[in-house]
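> predicted model and sequence follow; I will ask about them next.
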Amino acid sequence: MPQASQSVRSLHTWKLTIAYDGTGFSGWQVQPGEATIQGELQAALGRVTGERPLPQGSGRTDAGVHALGQVASFELAAAIPAANLQRALNRTLPAAIRVLEARRVRSDFHARHSAVAKTYEYRVFQETICPPFMARYVLVCAWPMDLEALREAAPQFVGEHDFLSFAATEPDLVTRMNEAGDEATGEAEDGQAVDNGEADSPRTKAADKGTVRRVFSSEWDQVESEPGRILIYRVRGNGFLHHMVRNMVGTMLDVGRGRTVPGQIPEILAARSRAAAGPTAPAQGLFLKSVEYPEGYELAE
């Protein structure tokens, strides 16, 4: 009689780094009848390996949000070299999704729970006419913008704060919590219960305190490109509430237009009310740029 251990194949934990154009997808999370990044990746794994694990992302990006360095983790029984898995997935995935790297990792690695920091980027095109090939990746903002005011406002988000004023509104959160169960959904932002979009926060002490998050850096830059001037906002933190980055951007754009003064940012944070902050910036300008993890998870090939 064969021993039980002989009939059980060991599972290998994998980490994928992925880039995608979110324009044609209904976000990261699998949804019935909708094209999603998670769904496409699961289907591709099925075609390549015969197994269909549900990849867990570092964050659940919303429709229209892009990723330069999303991370996903899952388990496979198939023994396949990392380079072969990457190559095979890219052959079968839609052209809008690319696997940048495939690595075997320790069994306790989880794309969301193991993350210690994330960086998001938001792009604003500052010309009247936006080239068609850029339109899906920027917010077109032709009115004058005070860059120095933006640069004065951005650092005021640095530190540990209650970001309730910059979280999604309650009806949206309730819907997402009902759909996601014990995990939050999101745009490219992260969060737990009350988080998401930027919605999936790493499990640090700060990220477990409801709407409290720590921002490590927050800054605006300006790039003079051939099509025209582009303003780029970059923010790095230990976790983000649903719509937090887009609401921060919308508020700062009000600062840049002179509707709000930079010194009001602390007051908006203290208000703990979504009504105190500015509008939500559109999804297409937002990118999940990178996700950071402690050293030691990756295994030697």
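That came in fine, so what should we check first?
> what pLDDT, on average, does stretch 139-147 get?
Averaged across stretch 139-147, pLDDT comes to 92.
> kindly report the same for stretch 264-272.
Averaging pLDDT along stretch 264-272 gives 96.
> what's in contact with that stretch?
Residues outside stretch 264-272 that contact it (C-beta atoms under 8 Å, 6 or more residues apart in numbering): 153, 156-157, 161-166, 211, 251, 255, 276-277. For every residue, glycine as well, the C-beta is placed using N, CA and C.
> just the ones of those residues in helices?
153, 251, 255 (DSSP state H).
> what helices or strands is the strand ranked longest in the chain leaning on?
As assigned by DSSP state E, the longest strand anywhere in the chain is strand 212-224. Applying 3 or more C-beta pairs under 8 Å, 6 or more residues apart in numbering; DSSP states H and E, one finds that strand 212-224 contacts helix 147-153, strand 159-162, strand 229-237, helix 244-256.
> flag every buried residue along it.
Neighbour-count burial for strand 212-224 flags 212-215, 218, 220 (criterion: 16 or more other C-beta atoms under 10 Å).
> for stretch 85-102, same thing?
85-86, 88-89, 93, 96-97, 99, 102.
> just the ones of those residues in helices?
Secondary structure from DSSP H places 85-86, 88-89 of the buried residues of stretch 85-102 in helices.
> could those go into CSV alongside distance to residue 271 and pLDDT?
What follows is these, written out as CSV (distance: C-beta to C-beta, whole Å; pLDDT from 0 to 100):
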residue, distance to residue 271, pLDDT
85, 48, 97
86, 47, 98
88, 51, 98
89, 46, 98
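> nearest to residue 10 among the ones in helices among the contacts of stretch 264-272?
residue 251 (49.7 Å; C-beta to C-beta).
> hmm, that closest one is touching residue 277, no?
Yes - Residue 251 lies in contact with residue 277 (C-beta atoms under 8 Å); the separation is 4.8 Å.
> what is in contact with the two at once?
166, 268.
> tell me where the stretch 1-150 of the chain has helices.
37-49, 82-92, 147-153 (DSSP state H, counting those that start in this stretch).
> from the contact counts, what lies against the last one?
When contacts are defined as 3+ C-beta pairs under 8 Å, 6+ apart, helix 147-153 sits against strand 212-224, strand 229-237, helix 244-256.
> which is the next helix or strand following the last one?
Under the assignment DSSP states H and E, the closest C-terminal helix or strand after helix 244-256 is helix 265-271.
> buried set for that next one?
265, 268-269.
> picking that back up, closest one to residue 140 out of the buried residues of strand 212-224, please.
Distances from residue 140 to those, taken by C-beta to C-beta, are shortest for residue 220, at 17.1 Å.
> that closest one and residue 121, how far apart?
11 Å (C-beta to C-beta, to the nearest Å).
> tell me, what's touching the two both at once?
Shared contacts of residue 220 and residue 121, counting by C-beta under 8 Å, 6+ apart, come down to 232-233.
> what about residue 297, neighbour count?
If you count neighbours by other C-beta atoms under 10 Å, residue 297 ends up with 18.
> who touches residue 98 in this structure?
Residue 98 neighbours (C-beta under 8 Å, 6+ apart): 18-20, 90.
> typo on my end, residue 142
Residue 142 neighbours (C-beta under 8 Å, 6+ apart): 126-128.
> of those residues, grab the buried ones for PyMOL.
Selection of the buried residues among those in PyMOL, burial being defined by 16+ other C-beta under 10 Å:
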select buried, resi 126+127
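> okay, residue 277: pLDDT?
96.
> distance to residue 137 for the helices and strands packed on helix 147-153 - can I get that in CSV?
What follows is the helices and strands packed on helix 147-153, written out as CSV (distance: least, C-beta to C-beta, whole Å):
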stretch, distance to residue 137
strand 212-224, 13
strand 229-237, 10
helix 244-256, 14
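> the residue nearest to residue 49 when sequence neighbours are not counted - how many residues pack around it?
Spatial nearest neighbour of residue 49, excluding adjacent residues (C-beta to C-beta, 6 or more residues apart in numbering): residue 78 at 4.4 Å. Residues near residue 78, counting by other C-beta under 10 Å, number 13.
> would you mind measuring from residue 78 to residue 93?
Distance from residue 78 to residue 93, by C-beta to C-beta: 17 Å.
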